[in-house]
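>>> sequence first, then the predicted structure, then my questions.
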Amino acid sequence: MVQKKSLLIIFFVFVFAPAFGQSAANPKDPVYDDILIWENLLLIPNQSPLRPYPLATIQKILEQVIESGNSLQAGIARAHYERIFGKALSLALEYKPRLKVTGNHDALGQQNILPGLECDFFLTQNTSLSLDLGFLILDNYDASYKNQFGSDSVLTFFARPEEDAPYDPAELGSFKVLNNINMNLAYSQKLWYLQGGMSRASFGPFHKDSVSLSSDAYHNGNLTFFYNGNDLWNYQQSFFIIGSTDNRGEKLGGEKYFHLHSLEYNLFPWLSLSYFESMVYGGTFDPIYFLPLPFMAAQSIGSFGGNLQMGLGFKLRPGRGLLWAGELLVDDISVNDLFKLKFDTKMKLAGITGLSYAFDNPVFKALSLNYTLVAPYMYTHRDEWYSLSANEGIIITAQRNVQNFSNNGYLMGSELLPNSDRIALSLSFDPLKNLRLDARVKFSRHANTNESLPYESAFNYLKYYEDKAPLSDGGIHNFAVDGEGYMSYAQDNFMFMAQTTKMHIFQTGIDMSYVLPFSAFAPKLGKAGSLSAKLSYDFEYIHNNGVQQEMYKTLSSDAAEIEGGPSPEDKKAMVEKYREAWRKKLYDSFSHYISLSLVYRF
């Protein structure tokens, strides 16, 4: 089987002169960044909060900007139009090496070769297809897919993989070959469209940093309906098929679904408000969430199973080019306590707010400043834990988790772990024709919630580590249970940054992208395509690296004492022993990350 797959790969790569690139099916295509700029410049009305868009929608947007009378933005839109619609099929080949060098002068490298086939075209007047059909050929899979928060990753801390390559490899010498496929098929009318396929997606005004659905998240199977109420309001309803893991983030599987719908109303040309809901569930398929009704009401028919979140968003443009936006996603909060003005209570939520400014000049593109907060235990979930924990002989940690906010083990919303926050500044500008610079600075904090748990709950983590307690790393698989049930302490306390030990992460970097069309040498060479290059550099300093590691991983040498039922004083001593051992493993680190992308497109 492996030999047949290898032969197929070689046949595709060398016979069909394959391509790799970005199409309209990819929400990270540069056209989406410019669409946000055009919204802020009031050249186009608010578009759907869910990306990617069908080709018909992108075509309409580009035509509006071209006809807007703004010569600078019209030129940018015309370039996008030619790139996307000028040729139905593009051929290219990308080589992308990555290198990480630590403060100890240790080096870690990875080579990526990305062949594929990219096309955007209309099948009929109203039906369009966007397709990325490709492969990822690499020599160190674990460095970008399995070691996300470890020292053996070639990606910066928090970063998720850039490619959508499931691990079913063919062998090609020392390289592994994996498929890397995204596509969308859409049917569009004047005020509505229906789109389905497999791709990444993003939601809200911060489509790369969204706390609800980020373009950096792993791809999914999806189906989206969107209706435009004459640019006064819009409604979208989406269904996603995503991947599940067990309660320790291992053993990939299926039977996990994600629904998201939103209603946005434009009160004024400069102000819009939105309400949205999402539902993550699995183990069964429930078509009630396809209906245009509140998920909270629909959930009651199923005995309130699944993981329901509700959200609010706003976009305020006090002046042309300036946007103040916010997005709040709420899983669970203690409303009664908040009405009593008690804020040290359960608030399981994530939010982002920030300012962005769209420049309307040929050099500077956009400036953005935002703040993100992810509260303790946000994105974690598992309803069955309550009932299963009372049953003897059931290993809950091995059960499939179809309710946490992850897809194939990666977070779908913000890349930040629970109990984290971040302030980020970015600037994009074009100092020369065909040269783009993207600079960024980020400062993040993260703490392991388990450090501030009461001693009894912390001891239960040690007691039930093998079968009933979740991971104690403060991550997406660290639900608010201790092996005996839901922790009342998590019900009554916020715990955000209430821990003694905090991780601080400083990151700064720059991307330099240049496109060289061969027509620049001679018009006749225009048919020969183009060569593009992207050089990225990031510097990262981490204080207290290791906070993201498990705190209460029971040692076999302590098992007998833990099972023996020690006194309260001995329990406290045991917990402090593990906390101190965890603290002693913390260290400061700094690293340099360099990547280069060379792409030939034809």
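Here it is on my side, so go on.
>>> okay, helices next: where are they in this protein?
For the chain, applying DSSP state H gives helices covering 2-15, 30-40, 55-66, 71-85, 142-145, 295-301, 335-339, 385-388, 455-463, 488-492, 559-563, 568-584.
>>> same list (these) but as JSON lines, adding mean pLDDT, mean neighbour count and distance to F539.
Every residue, glycine included, has its C-beta placed from N, CA and C. Shown next, in JSON lines, are the helices of the chain (pLDDT from 0 to 100; neighbours: other CB atoms under 10 Å; distance: least, CB to CB, whole Å):
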{"stretch": "helix 2-15", "mean pLDDT": "41", "mean neighbour count": "13", "distance to F539": "35"}
{"stretch": "helix 30-40", "mean pLDDT": "95", "mean neighbour count": "21", "distance to F539": "24"}
{"stretch": "helix 55-66", "mean pLDDT": "96", "mean neighbour count": "20", "distance to F539": "36"}
{"stretch": "helix 71-85", "mean pLDDT": "93", "mean neighbour count": "17", "distance to F539": "31"}
{"stretch": "helix 142-145", "mean pLDDT": "86", "mean neighbour count": "19", "distance to F539": "19"}
{"stretch": "helix 295-301", "mean pLDDT": "87", "mean neighbour count": "15", "distance to F539": "42"}
{"stretch": "helix 335-339", "mean pLDDT": "89", "mean neighbour count": "11", "distance to F539": "40"}
{"stretch": "helix 385-388", "mean pLDDT": "64", "mean neighbour count": "14", "distance to F539": "41"}
{"stretch": "helix 455-463", "mean pLDDT": "93", "mean neighbour count": "22", "distance to F539": "36"}
{"stretch": "helix 488-492", "mean pLDDT": "89", "mean neighbour count": "15", "distance to F539": "36"}
{"stretch": "helix 559-563", "mean pLDDT": "86", "mean neighbour count": "12", "distance to F539": "43"}
{"stretch": "helix 568-584", "mean pLDDT": "95", "mean neighbour count": "15", "distance to F539": "26"}
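>>> of all those helices, which one comes closest to G197?
Of all these, helix 55-66 sits nearest to G197, with 12.4 Å by CB to CB.
>>> so how far is the closest one off the chain centroid?
27 Å (CA atoms, centre = their mean, to the nearest Å).
>>> now do it and helix 30-40, the angle between them.
50 degrees (axes from the mean of the first three to the mean of the last three CA atoms, to 10 degrees).
>>> please save the CA atoms from helix 55-66 in CSV.
Only the C-alpha atoms of helix 55-66 are listed here, as CSV (Å, rounded to 0.1, in the frame of the first residue of the first chain):
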residue,chain,number,x,y,z
LEU,A,55,-15.9,33.4,-6.0
ALA,A,56,-19.0,35.4,-6.9
THR,A,57,-18.8,37.4,-3.6
ILE,A,58,-15.1,38.1,-4.1
GLN,A,59,-15.7,39.2,-7.7
LYS,A,60,-18.5,41.6,-6.6
ILE,A,61,-16.2,43.1,-3.9
LEU,A,62,-13.3,43.6,-6.3
GLU,A,63,-15.6,45.2,-8.9
GLN,A,64,-17.0,47.6,-6.2
VAL,A,65,-13.5,48.7,-5.2
ILE,A,66,-12.4,49.0,-8.9
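>>> now the angle between helix 71-85 and that helix, please.
Using the same axes, to 10 degrees: helix 55-66 against helix 71-85 is 160 degrees.
>>> can you list the residues that contact helix 55-66?
24, 31, 35, 38, 43-44, 47-48, 53, 73-74, 76-78, 80-81, 84-85, 120-122, 126, 128-130, 186, 188, 193 (CB atoms under 8 Å, 6 or more residues apart in numbering).
>>> and for stretch 404-413?
148, 160-161, 166, 210-214, 217-218, 220, 240, 242-243, 245, 249-250, 252, 256, 258, 280, 307, 309, 329, 350, 378-382, 476-477, 479.
>>> hmm, try it at 6 Å
160, 211-213, 217-218, 220, 242-243, 245, 249, 379-381, 476 (CB atoms under 6 Å, 6 or more residues apart in numbering).
>>> check the gap between G253 and G409 for me.
In this view, G253 and G409 are 11 Å apart by CB to CB, to the nearest Å.
>>> who touches both of those two?
Counting by CB under 6 Å, 6+ apart, nothing touches both G253 and G409.
>>> those two: which has the busier surroundings?
Of the pair G253 and G409, G409 is the one with more neighbours under other CB atoms under 10 Å, namely 22 against 14.
>>> can you list the low-confidence ranges for the stretch 251-400 of the chain?
By pLDDT under 70, the weakly predicted segments of the stretch 251-400 of the chain are 302-303, 385-393.
>>> try it again at 80.
302-305, 382-398 (pLDDT under 80).
>>> tally of neighbours for S556?
6.
>>> quick revisit: so which of the contacts of stretch 404-413 are in strands?
Counting by DSSP state E, the contacts of stretch 404-413 place N220, I242, G243, T245 in strands.
>>> could you export those residues as CSV, including pLDDT?
Shown next, in CSV, are the ones in strands among the contacts of stretch 404-413 (pLDDT from 0 to 100):
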residue, pLDDT
N220, 96
I242, 97
G243, 95
T245, 92
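>>> out of those residues, which comes closest to P568?
The closest of these, once distances to P568 are taken by CB to CB, is T245, at 35.8 Å.
>>> now do the phi/psi pair for the residue nearest to that closest one when sequence neighbours are not counted.
Residue nearest to T245 in three dimensions, not counting chain neighbours: G409, with 4.8 Å by CB to CB, 6 or more residues apart in numbering. Listed backbone geometry of G409 is phi 90, psi -10, with angles given as degrees, to the nearest 10.
>>> quick one: pLDDT of G409?
With respect to pLDDT, G409 scores 91.
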